[in-house]
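A.B. asks: would you be able to build a 3D model of this:
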Amino acid sequence: MENLISKTTVVFSRPFNVPGFDETLPAGEYDIETELCSPPDHLNPKTWKASVLIHLHPRMSHPGLARTLTVSMVDLDSARAQDRLSGKELSRLFLEKMLADPMVRLVMQADGVSERQLRQLYAGGRPSWSDIKTRERKTGRKTSQGLLREVSAIRVAENEGMPTRHIPSPLSP
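C.D. replies: Model prediction:
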C-alpha cells in the first residue's frame, strides 16, 4: 500500500494550544503533514487513526533546532476553530455559520424565529413564556414551545395527585 502524505500550511492569527502539549504556540504559519492512510508496517490498519505532524517554529534559545509535534486531526481542527473564533466556543462557530446561511434565514422567517431567540437558545437560555406568546401572536400559529408547554400543563392537570414520573414528550429535544 502506498504511504500517502499530504503537505499543507495552516495559519493561526493568535497564539494557540493543543491538548497534551504544555507550550503555548505562537501565531503564524505552520507546515503540516497528514498521513492519509495507515503505514505499511502498522499491525492493525483498522485501528489506525489519522494524525497530523506540525512543524513547530524554533525556540529563541535554540534557533537551529527543528521540532515537530504529532496531534490528532480533531485537536488541530479544534485549535483552528478556536483561532477563527478568537476564543469563542465551537458552538458559536456553528451558530455564526448557520445564521450566515440564506436558506436558514428563510426557514427562521417562515417559523417566526428571530436571531435573538437562536442566540439565546445556543447560550443555554430558554425562551420565556412571554417570548413564546409574542411569537405566536406575530405568526398567528402555535409554536413548538407553546404546544409543549400546553401539553405539559394538561398532563400536570390530568395527573394531579398522582405520583410523578417523567415521560419524554415527542416535542422535547
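A.B. asks: M98: what's it in contact with?
C.D. replies: Neighbour list for M98: V104, L118 [criterion: C-beta atoms under 8 Å, 6 or more residues apart in numbering]. Heads up, the C-betas are built off the backbone N, CA and C, glycines and all.
A.B. asks: how far away is it from D22?
C.D. replies: Shown here: M98 relative to D22, a distance of 35 Å by C-beta to C-beta, to the nearest Å.
A.B. asks: with P102 instead?
C.D. replies: According to C-beta to C-beta, P102 stands 44 Å off from D22.
A.B. asks: low-confidence stretches in this structure?
C.D. replies: For the chain, the stretches with pLDDT under 70 are 1-3, 39, 42, 45-48, 85-91, 93, 124-133, 136, 141-173.
A.B. asks: got the domain ranges for it?
C.D. replies: The record's domain parsing of the chain by automatic domain parsing lists 5-87, 91-158.
A.B. asks: just the strands in this structure please.
C.D. replies: Assigned by DSSP state E, the chain shows strands spanning 5-12, 28-35, 51-56, 67-72.
A.B. asks: quick one: the helices in the chain, in order.
C.D. replies: For the chain, the helices defined by DSSP state H cover 73-85, 90-100, 102-111, 115-122, 129-139, 144-158.
A.B. asks: export the first one to PDB, keeping only CA atoms.
C.D. replies: Read that as helix 73-85. The C-alpha trace of helix 73-85 is given here as PDB (Å, rounded to 0.1, in the frame of the first residue of the first chain):
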ATOM      1  CA  MET A  73      -6.800  15.800  13.300                       C
ATOM      2  CA  VAL A  74      -9.600  16.600  15.800                       C
ATOM      3  CA  ASP A  75      -7.200  18.500  18.100                       C
ATOM      4  CA  LEU A  76      -5.800  20.500  15.100                       C
ATOM      5  CA  ASP A  77      -9.300  21.300  13.800                       C
ATOM      6  CA  SER A  78     -10.400  22.400  17.300                       C
ATOM      7  CA  ALA A  79      -7.400  24.700  17.600                       C
ATOM      8  CA  ARG A  80      -8.100  26.200  14.200                       C
ATOM      9  CA  ALA A  81     -11.800  26.700  15.000                       C
ATOM     10  CA  GLN A  82     -10.800  28.400  18.300                       C
ATOM     11  CA  ASP A  83      -8.400  30.700  16.400                       C
ATOM     12  CA  ARG A  84     -11.200  31.700  13.900                       C
ATOM     13  CA  LEU A  85     -13.500  32.400  16.800                       C
END
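A.B. asks: run a quick neighbour tally on Y30.
C.D. replies: For Y30, the count of nearby residues is 20 (other C-beta atoms under 10 Å).
A.B. asks: with D111 instead?
C.D. replies: By other C-beta under 10 Å, neighbour count at D111 equals 13.
A.B. asks: quick check: the gap between it and E96.
C.D. replies: Where E96 is concerned, D111 sits at a distance of 20 Å (C-beta to C-beta).
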